[in-house]
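# model the structure of this input:
(one chain, ligands or ions: 1)
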Amino acid sequence: MQQIGVIGGGTMGAGIAEVCAKAGSDVVIVEVKQEFADAARARVEKSLAKAVSRNKLAQDDADAALGRLRVTTDYADLADRELVIEAAPEIEELKREIFANLEEATGANTILATNTSSIPIIKVATATKTPERVVGVHFFNPVPVMPLVEIISTLTTAPETADAVSAYVTDTLGKTAVRAGDRSGFIVNALLIPYLCQAIRMFDSGYASAEDIDLAMKGGCGYPMGPLTLLDTIGLDVTLSAAESLYAEFAEPHYAPPALLRRMVDAGRLGRKTGRGFYTY
Ligand SMILES: CC(=O)CC(=O)SCCNC(=O)CCNC(=O)[C@H](O)C(C)(C)COP(=O)(O)OP(=O)(O)OC[C@H]1O[C@@H](n2cnc3c(N)ncnc32)[C@H](O)[C@@H]1OP(=O)(O)O
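Below you'll find the model as predicted:
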């Protein structure tokens, strides 16, 4: 599998495109507007430059990776893709529309994957007439650095579909794959989101400061980032939609989004990407 398509060139889409291009695949990113497509390319360029500056990548390899990346606004450019990974905003109707378009735009054997972290994969699979070729492939932020990818099979995913994506993720991208069923949160978010929500509740109660909560989990548990810094990195909007989806699925109180999380999203304090979350950037 070497012909890869990515839908959406935001943080996750650009990261996925970057790791695929670095691994030698030919990559097409589809965006809704040319300026977003150009911004996606700029995101990949910036991250590749960072990898070069950190001595993780040779300049020639960064140039070659960029040479394997095209950006477009036209689904017709996906006609020859073997795998398309959707990384659009977490809106079920939008994703269903994208998957219906993908079915039209791609060949019958193209694997259609979604990077959703919170929408059941079956909901997007049923937007196509061929749900056996739809699978979840969930990367982590920052994609070039985090080794894990969750591979999610629905009740209708063909075993060959999941196996082929898993082989691409491990053998070509060099990442670690884990398998999970189609339940909200999969493995990581089902464990991570309640922890992050609990950190928000602790901060909101005035029991400890943001800095001390973060220092405690870094110094006491060896986590690379404290929970409130991690929330600012993931994005509070992304966290809220993940918590809402977990709560809708399981109706267990520890998944319920804390009121402060909702108010911060209402206020546009989404974390690093808007310059303010639990911290100011
Ligand atoms: C919500 C969801 O659905 C799912 C999610 O994504 S949940 C979020 C999951 N992510 C996390 O939990 C992130 C937790 N945080 C971390 O792991 C770390 O803080 C971090 C990796 C993000 C940053 O670590 P750091 O040590 O502060 O930063 P930094 O030194 O800049 O980078 C770490 C390493 O990545 C490398 N790196 C940084 N940027 C890079 C890039 N663009 N390309 C390649 N390598 C890069 C660095 O060179 C460094 O490598 P070494 O350790 O070998 O020196």
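
# three-state assignment of V28?
Assigned by DSSP: H, G, I helix; E, B strand; the rest coil, the conformation of V28 is strand.

# and it, what is it in contact with?
Neighbouring residues of V28 by C-beta atoms under 8 Å, 6 or more residues apart in numbering: I4, G5, V6, L69, R70, V71, T72, D77, L78, R81. Quick note: C-beta positions are derived from backbone N, CA and C, even for glycine.

# and R81, by the same measure?
With C-beta under 8 Å, 6+ apart, R81 has these contacts: Q3, I4, G5, V28, T106, G107, T110.

# cool, Q59 as well?
Q59 touches V52, counting by C-beta under 8 Å, 6+ apart.

# list the buried residues in stretch 155-168.
T156, T157, A158, T161, A162, A164, V165, S166, Y168 (16 or more other C-beta atoms under 10 Å).

# same check on stretch 253-273?
In stretch 253-273, counting by 16+ other C-beta under 10 Å, buried: 255-258, 260-261, 264-265, 269-273.

# any idea how many residues pack against the closest residue to D182 other than its chain neighbours?
Using C-beta to C-beta, 6 or more residues apart in numbering and skipping residues adjacent in sequence, the residue nearest D182 is T154, 4.5 Å away. Neighbour count of T154, defined by other C-beta atoms under 10 Å: 21.

# look up how far S118 lies from T154.
As judged by C-beta to C-beta, to the nearest Å, T154 and S118 stand 15 Å apart.

# the residue in the stretch 151-281 of the chain positioned nearest to the ligand: which element?
Proximity of the stretch 151-281 of the chain to the ligand (C-beta to the nearest ligand atom) peaks at P224, 3.7 Å away. Under DSSP states H and E, no helix or strand contains P224.

# from what I can see it touches D214, true?
No: shown here, P224 and D214 do not form a contact pair, counting by C-beta atoms under 8 Å, at 11.0 Å.

# looking at those two, which has the bigger crowd around it?
D214 (23 against 8).

# for the nearest residue to the more buried one once chain neighbours are set aside, give me its contacts.
Excluding the flanking residues, the one nearest D214 by C-beta to C-beta, 6+ apart is G226, at 2.3 Å. Applying C-beta under 8 Å, 6+ apart to G226 gives the contacts A199, I213, D214, L215, A216, M217, K218.

# for the helix or strand that contains the second one, packing partners?
In other words, I213. Here I213 sits within helix 210-221, counting by DSSP H and E. Identification of packing neighbours for helix 210-221 by 3 or more C-beta pairs under 8 Å, 6 or more residues apart in numbering; DSSP states H and E yields helix 188-204, helix 227-234.

# residues in contact with it?
Residues from elsewhere that reach helix 210-221 (C-beta under 8 Å, 6+ apart): 199, 202-203, 208, 223-229, 278-279.

# by neighbours, which of the contacts of V28 wins?
That'd be V6 among the contacts of V28, by other C-beta under 10 Å, with 32 neighbours.

# need the helices for this protein, in chain order.
For the chain, the helices defined by DSSP state H occupy 11-22, 34-53, 59-67, 92-105, 121-125, 159-167, 188-204, 210-221, 227-234, 236-250, 259-266.

# quick one: distance of the last one to the chain centre.
So that's helix 259-266. Relative to its parent chain, helix 259-266 has a centroid offset of 22 Å by C-alpha atoms, centre = their mean, to the nearest Å.
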